[in-house]
Structures are given as structure tokens and as C-alpha cells.
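Enquirer: Starting from these lines, generate the structure:
(one chain, ligands or ions: 1)
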Amino acid sequence: MSSANFIGTDNHYQPFAGSVLGRTFANTRFPITITITITLILPLLIRYTIARLEYYHQRRHISPTQLPPTYPCFIPYIGHLLSLLISGPTFLQRATTHAGHLTSTRLTLLTTPLYLFQDPATVRALWKSPALSSPLSSYVYVLGRIFGMRSAALAAYRADDSGPFLKPYSGSAVLAKDRIDYITHADLLRELTGVGLGPLTSRTVRGVLSRVGEAEAELYGGWVEKADLFKLLRGVVGTSIMEALAGPALLELNPGFVEDFWEFDKSVPWFGHGIPAFLMPRAVRRRERLKGMLKRWYGYARERFEEGMVGEDGDGDPAWGSELMRRRQERLREVAGQDEDSMAASDLGLVWASVANIVPSTLMATFHLFAQPGLLDCVRAAIAQGNCRVEGSGFDLKALMQIPLLASIYAETLRLYTNSYFATRSPHSATSLGRWMLPKDAIAMVNSRVSHMDSGVWNAAHPSYPAQTFWADRFVNAEGEFSAEGFEGSWIPYGGGHAICPGRFLAKTVIILVIALMAERFDVEILNKSVDMDMGKLGLGVLRPNKAIGFRIRRRYDGRGQVEK
Ligand code: HEM
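Expert: Next up, the predicted model:
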């Protein structure tokens, strides 16, 4: 610092003394902090005002198929990153709303442009575009950061530009055996939406019924107070799905798997934020322990499995659990760079995708079922009229799924609590999405919570039940039927297009089954006065409360099917 910059009798440091601003303020007695603040902030303010005027000008002069206008940001280079991290969906809502309607906007994150498409027509166009059907850019981020896949294995995901379809994208030179996008998705679709869905659903439902039976048996003798509704549901739903996918062996060999898994789940947002490993050594150790348990199970299953073990459903077996797990072992391992460790990272990801969203969904549906005045009686009446009770197994699932109120509670729960980002890339060419363009090699994103809170859609349809409120009948039309008409491109809890969640059919069945079982088999009193959601989940799926939901519970029937009160 030069001594020339010390001017004035009080010797305050004035770094801009020789500048125009310095001369302007030379004879004033402004404290130096105000001078610096004005000097730094004024140019930003001017820049921001110009960007804002440009933004509104562009919005008023939209031509067909143009790039979405750039949302103004205050600090150059950092762009919208801070706003996104601090305010999340609230910022996104602001950035993608114009004149009361959702629209599409260009943001920048540390100089990387990001195209956020939220108007329902563009969301629909995005998911219809075969060129934008690959979720591999999200895969690299999620498998690497969250599930700890090493770079050597991630290289296969980075290199695969052949797309998720049987026919590779033109121009791709990836070998057929290394087409990890196609191999992964063909198997997921086959086993979760095709031939594997029936057997997987049956095994899951059997697990859920048996665990609900065990919970009932423990409640002999009246009301029991419990601290955490999530724990009950993660046991009933989460463990049943894990077992239906991976068979009994994974959990029997590794008795700590379930507990470690749910502890790991709590640190998933931290992994997603990219917090360095040395700042969260326990979480990293737990993740590696889970992968170690998966590897132990691989060794066991590989040694024991024989074709004759596959059950009558043609899918399940006691070693690998399901055809999905068997096929992944055969086909994914053949891809360049894949090994036991990368399999464990990607299977941990699969288990996480399979249970981490459905358990909080059943939690929030159960919470509303018992907390919302009058809803429980309506649900019990709807089940009684629905002709769906069956001796032994509990319910005729087909009939249960037809009950409009249950389907509406399911859809409304996912609308209110899902906060997911869907990301895709346009590696080969610029893509037209109707009104807007996505440039070549740019990232496109959609956020489900922004769509699910769109007042232009949800409030307009039912002004007395604004988007922020849970309304069990939202999806029941005037004829008393379930209907999602008018909400296409606005109700998107599972994403859309080719990468849409393949577990959605199983999820719907299980969520509705759980609502029905909780209503039929138990009385529950929710003890929390209010429930606030934890918004720090970084857009990684269904939100959950920031505190445990305490409850009192008693079973409704004694062991002989008689009402126990
Ligand atoms: C309420 C429950 C669920 C919700 C809200 C949900 C939501 C999602 C979302 C938003 C995605 C990302 C889609 C995209 O990138 O476009 C996804 C992917 C996935 N989900 Fe679900 N899911 C649920 C339940 C399930 C279940 C029960 C399973 C399995 C049994 C499952 C398996 C998967 C898999 C394997 C993927 C990755 C698909 C891919 O690689 O393309 N999900 N899910």
C-alpha cells in the first residue's frame, strides 16, 4: 500500500484516493467503509439494473424457438449459485415465473450456463425428445459424489454417448459391450416395468403384509407410544423392498446393513453438496462399510447360486434375490473399467433409489391420514365400499388401486413433498423444444417442486386449496373419479420421458397399500403439534420432516379378526 493513499488528518486508509471516486469523496467525511461499499456495490448495481431491463425486454419480445432469457444476477462469475444454495426452490420459482406463469430461464452457475425449463408445454416437449433421453450426466455426478464410484469406473459413463436406446445415437463409436447407458436402462425397464414387475410386486407386498402383521402382534394390550413414525415405515416398506430386490441373503449376512443404510441416507445431501471426504470421515466410512457388505453378499451369492434356485415366479431366488440383480452382475461387470467396487457403488445407488423416496412418501401419507380431521373416516368408508377386502392377504390390490380417494392421497402426497431436479444434456446438436431452444452441449434442468407449487395451475384449478396445502381430494373430479387431467407436465414426481423413474408402478402400489393397511389395521394419534419439512435435501427426492413424528398406536383387531376396542 502506498503512503500516498493515506490522506486527510485522521489517516484513514483510502485506497481509491487518486481515482475519480476518491476525488469525489475527498472533501466529505464519509467513513471509509461506506466509501468502499459504494465503490464496490455501485458498479454491480448498475450492471444488475441493465441486466434486469434486458431480461424484461427479452421477455416482451419473444420470437419462436429462441434461447430462454438470462435471469439477472448480482455477482458476476458466481452467478446464481449462492441464490440456488441458499433459497433453493424459492429462488427457482422466482427465476422461472413471469407474469404469473411458469416459464423457462437461463441461469449461470460459476460461468456454466444452465437452462431451466418449467412451463408445462416445454417440460412435455423435453421429455418427448429422444436426443435428450439420457440421464448419464446426472449419473456421473450422483455415482461419483454420492455413492463413491471411482474415476476409472466413471470413465465408462463419461465416454458413453450412444444413448439409452437399442439403436445407438448416430456418430457414436462406443462398443456394444460398453454401452452402459443402454445396458443399465434396458435391464431396469425390463425388471421394474416389464416381466419383472409382477414378481417383484408380489414379493414386496408379501413382505409388507408380514411386517405389518408383526407390528400388530407387538401391540397387544392397547395404546403404545412411539417416538418415530419414520422408523416404523422404513421397517415395513424399506426392508420389504430391499429384500424383494436382493433376497434374504444380503440382510442375513449383514445384520447392520439396514441401520447403516438409513444413517448413510442422512448424509446423502452432504455428499451431494460435494463436502470433502476429510470433513465427514464417519459418513465416508459408513458408505464404504455398506459397499463392503454388498461385496460380501456378491461373494456368497456367486458361490451358492444355481439356475434351479429361481422360484416359480421365474424371477426371485434366495441368493441374488431377483433377476434384476443377477442380470446387473452379468452385464454391467462386462463394461470397461467396472469391477466389484463399481458394482457395489451402483447397487448402493439402486437400493437408495428404490427406498429413499418411497419411505418418506408413505410417512407423509400416513401423517395426513391420521392428522387431517375427518380423512381417516372417509378412507375407511371408501375401503369398505371398494369391495377390496380379501380373506388372508388383506386386500385385492387391483380393486384397492381403483379407489379414487386412495389414488388421490397418493398423488397429492407426491405433489406436495417431491423436490427433485431432472437434468439432461444435448451432446449432439441444438434441440428445439417448441417455444424454446436448448443449445448444443448445454445442460437442461426441470425442478419438480417448482412445477408442483405452480399457483397458475394448482390454485387456478381449486382456489380454496392453494398449492401449498395438502388436499386429499385434489385428484378426484366432479364425477367422483380419480383424474389428473390438466396437470400434464405439472405433476412430475417421477420425472418423465425415457428416464422416468422405473419404480413408479411398484411405488404407487406400495404407497396405496400402506395407506389402506394403516387405516384398516390401526388407530394412530399423531403427537407432534406441527411438522416442518427439512428443505436441505438438495432436490434429491421426497422431503421429510426435520423432526421425528411421535405417535400413539393401537391395533384395531384382535388376532381373530374381531375389533379389539
Ligand atoms: C415415491 C417413490 C418414488 C419417487 C418419487 C421416485 C422418483 C424418482 C426420480 C425423480 C427419479 C429420477 C428420474 C430422472 O432422472 O428423470 C428416479 C429414478 C429411479 N428410480 Fe425412482 N422414485 C420412487 C420410487 C422408486 C422405487 C420403489 C424404485 C424401485 C423399486 C425406484 C427405482 C428408481 C431407479 C432404478 C431410478 C434410476 C432410473 C434411471 O437410471 O434412469 N424408484 N426415481
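
Enquirer: The residue in the stretch 51-200 of the chain positioned nearest to the ligand: what's it in contact with?
Expert: Here the stretch 51-200 of the chain gets closest to the ligand at one residue, Pro135, 4.4 Å apart by C-beta to the nearest ligand atom. For the C-beta atoms, the positions are set from N, CA and C on the backbone; glycine is no exception. The contact partners of Pro135, taken as C-beta atoms under 8 Å, 6 or more residues apart in numbering, are 164, 422-424, 499.

Enquirer: Quick check: strands, which of those are part of them?
Expert: 422-424 (DSSP state E).

Enquirer: who wins for most neighbours among the contacts of Pro135?
Expert: When neighbours are taken as other C-beta atoms under 10 Å, the top entry among the contacts of Pro135 is Thr424 (28 neighbours).

Enquirer: Run a quick neighbour tally on Leu85.
Expert: Around Leu85 there are 12 residues (other C-beta under 10 Å).

Enquirer: Run a quick neighbour tally on the closest residue to the ligand within the chain.
Expert: For the chain and the ligand, the shortest gap (C-beta to the nearest ligand atom) falls at Gly503, measuring 2.0 Å. Using other C-beta under 10 Å, Gly503 has 23 neighbouring residues.

Enquirer: these two touch, right, it and Val355?
Expert: No - with contacts counted by C-beta atoms under 8 Å, Gly503 stays clear of Val355, the gap being 9.5 Å.

Enquirer: rewinding a little: which among the contacts of Pro135 gets closest to Gly486?
Expert: Taking C-beta to C-beta as the measure, Gly486 lies nearest Phe422 of the contacts of Pro135, at 21.2 Å.

Enquirer: beta partners of the closest one?
Expert: Val446 (DSSP bridges).

Enquirer: Kindly report the same for the one 10 residues further on.
Expert: Ser432 forms beta bridges with Met437, as assigned by DSSP bridges.

Enquirer: Tell me how far it lies from Leu84.
Expert: 27 Å (C-beta to C-beta, to the nearest Å).

Enquirer: ok, those two, which is more surrounded?
Expert: Taking other C-beta under 10 Å, Ser432 and Leu84 do not tie; Leu84 has more neighbours (18 against 13).

Enquirer: Excluding sequence neighbours, find me the nearest residue to that one.
Expert: Of all residues not flanking Leu84 in the chain, Phe91 sits nearest, at 5.8 Å (C-beta to C-beta, 6 or more residues apart in numbering).

Enquirer: Please name the residues that touch that neighbour.
Expert: Taking C-beta under 8 Å, 6+ apart as the test, what Phe91 contacts is 80, 83-84.

Enquirer: Are we agreed that Gly541 is in a helix?
Expert: No - counting by DSSP: H, G, I helix; E, B strand; the rest coil, Gly541 falls outside a helix, being strand.

Enquirer: Tell me who's in contact with the residue lying closest to Arg328 once chain neighbours are set aside.
Expert: Using C-beta to C-beta, 6+ apart and skipping residues adjacent in sequence, the residue nearest Arg328 is Asp187, 6.2 Å away. Contact analysis of Asp187 by C-beta under 8 Å, 6+ apart lists 324, 327-328, 331.

Enquirer: at 10 Å instead, please
Expert: 194, 196, 323-328, 330-332, 502 (C-beta atoms under 10 Å, 6 or more residues apart in numbering).

Enquirer: Relative to Asp178, how far out is it?
Expert: In terms of C-beta to C-beta, Asp187 sits 15 Å off from Asp178.

Enquirer: Asp454 too?
Expert: 41 Å.

Enquirer: These two: which has the busier surroundings?
Expert: Neighbour count, other C-beta under 10 Å: between Asp454 and Asp178, Asp454 has more, with 24 against 18.

Enquirer: Please list the residues of the stretch 101-250 of the chain that sit near the ligand.
Expert: 135, 138, 185, 188, 192, 241 (C-beta under 6 Å from any ligand atom).

Enquirer: Any chance of these in CSV with pLDDT as columns?
Expert: As requested, these are arranged in CSV below (pLDDT from 0 to 100):
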residue, pLDDT
Pro135, 90
Ser138, 89
His185, 96
Leu188, 97
Leu192, 98
Ile241, 98
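
Enquirer: Sort out for me which of these are in helices.
Expert: Among those, DSSP state H puts 138, 185, 188, 192, 241 in helices.

Enquirer: Buried ones from those residues, can you make that a PyMOL selection?
Expert: Those of these that count as buried under 16 or more other C-beta atoms under 10 Å are selected in PyMOL with:
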select buried, resi 138+185+188+192+241
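
Enquirer: Serialize the ones in helices among the residues of the stretch 101-250 of the chain next to the ligand to CSV and add fields for distance to Glu525.
Expert: CSV is the format used below for those (distance: C-beta to C-beta, whole Å):
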residue, distance to Glu525
Ser138, 41
His185, 44
Leu188, 40
Leu192, 36
Ile241, 28
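
Enquirer: what two of the ones in helices among the residues of the stretch 101-250 of the chain next to the ligand are the furthest from one another?
Expert: Longest span within these, C-beta to C-beta: Ser138 and Ile241, 21.8 Å.

Enquirer: ok so, going back, which of the ones in helices among the residues of the stretch 101-250 of the chain next to the ligand lies at the shortest distance from Val310?
Expert: For these, the nearest to Val310 is Leu192 (17.8 Å; C-beta to C-beta).

Enquirer: Need phi/psi at the residue nearest to Leu84.
Expert: phi -70, psi -40 (degrees, to the nearest 10).

Enquirer: Number of residues surrounding Asn546?
Expert: Neighbours of Asn546 (other C-beta under 10 Å): 11.

Enquirer: repeat for the one 3 residues further on
Expert: With neighbours defined by other C-beta under 10 Å, the count for Ile549 comes to 24.

Enquirer: Mind pulling up the pLDDT for it?
Expert: Note on Ile549: pLDDT of 98.

Enquirer: Check Arg59 too.
Expert: 85.

Enquirer: my read: it touches Thr97, true?
Expert: No - contact between Arg59 and Thr97 fails when scored by C-beta atoms under 10 Å: they sit 11.1 Å apart.

Enquirer: Looking at these two now, which is surrounded by more residues?
Expert: Thr97 (18 against 14).

Enquirer: coming back round to it: just give the closest residue to the residue of the chain closest to the ligand, not the sequence neighbours.
Expert: Nearest non-adjacent residue to Gly503 (C-beta to C-beta, 6+ apart): Leu192, at 5.4 Å.

Enquirer: I'd assumed Cys501 was in contact with that neighbour.
Expert: Yes - in terms of C-beta under 10 Å, Leu192 counts as a neighbour of Cys501; the distance is 8.7 Å.

Enquirer: Now the common contact residues for those two.
Expert: By C-beta under 10 Å, 6+ apart, the residues touching both Leu192 and Cys501 are 354, 507.

Enquirer: For the ligand, tell me whether stretch 313-329 is touching it.
Expert: No - shown here: stretch 313-329 not in contact with the ligand (C-beta under 6 Å from any ligand atom), separated by at least 8.9 Å.
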